[in-house]
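Engineer: With the input below, show me the fold.
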Amino acid sequence: METPAGYGVVLVTTGNMQEAEAIANALVEAKLAACVSLLPIHSIYTWQGELHKEQEWQLLIKTDLAQFPAMEAKIKELHSYEVPEIIALPIVASSKAYLQWISQQVKSKE
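Structural biologist: Okay, the predicted model is just below:
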């Protein structure tokens, strides 16, 4: 088991599959993410004082967290929500091979 310093998963929700795919494609093509998994979810939340129950899409973005500022900017550019969820969670344990793969896919911060 490898200590994955600096690697993480970023969570983003969107209102539909097309927007989720557009964001995922843009992040992978820009080498800001190694992989983005898309999952349909049901969300219950409060927005502007009202309770909402919505079908949404969850993006699970695997990346080098050094890319977070550029990733956040790209997501905000493409996202339709006024306040999109963009939450980074560190990977606390992983196989060495998987971390090496992420590193090879995501551009180095220069």
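Engineer: Okay, now the unreliable bits of this protein?
Structural biologist: Residues of the chain meeting the criterion pLDDT under 70: 1-4, 108-110.
Engineer: which residues in it form strands?
Structural biologist: Secondary structure of the chain by DSSP state E: the strands cover 7-14, 35-47, 50-64, 87-90.
Engineer: Could I get those strands in JSON lines, plus columns for mean neighbour count and distance to Ala70?
Structural biologist: No exception for glycine: its C-beta is placed from N, CA and C like everyone else's. What follows is the strands of the chain, written out as JSON lines (neighbours: other C-beta atoms under 10 Å; distance: least, C-beta to C-beta, whole Å):
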{"stretch": "strand 7-14", "mean neighbour count": "21", "distance to Ala70": "12"}
{"stretch": "strand 35-47", "mean neighbour count": "12", "distance to Ala70": "15"}
{"stretch": "strand 50-64", "mean neighbour count": "17", "distance to Ala70": "10"}
{"stretch": "strand 87-90", "mean neighbour count": "12", "distance to Ala70": "13"}
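Engineer: Which one of these lies nearest to Tyr81?
Structural biologist: strand 7-14 (7.5 Å; C-beta to C-beta).
Engineer: what's in contact with the closest one?
Structural biologist: Under the contact criterion C-beta atoms under 8 Å, 6 or more residues apart in numbering, strand 7-14 has outside partners 20, 23, 33, 41, 43, 56-65, 68, 71, 75, 79-81, 84-91, 94, 99, 102-103.
Engineer: How about Glu72, nearest residue that isn't a chain neighbour?
Structural biologist: With C-beta to C-beta, 6 or more residues apart in numbering as the criterion, Glu72 has its nearest non-adjacent residue at 5.4 Å, and that residue is Ile86.
Engineer: Isn't that neighbour up against Pro69?
Structural biologist: No: using C-beta atoms under 8 Å, Ile86 is not in contact with Pro69, being 10.8 Å away.
Engineer: higher neighbour count, these two?
Structural biologist: Counted by other C-beta atoms under 10 Å, Ile86 and Pro69 do not tie: Ile86 has more neighbours, with 18 against 11.
Engineer: Phi and psi next, for the more buried one.
Structural biologist: Main-chain dihedrals, Ile86, degrees, to the nearest 10: phi -140, psi 100.
Engineer: Fine by me, we can end here.
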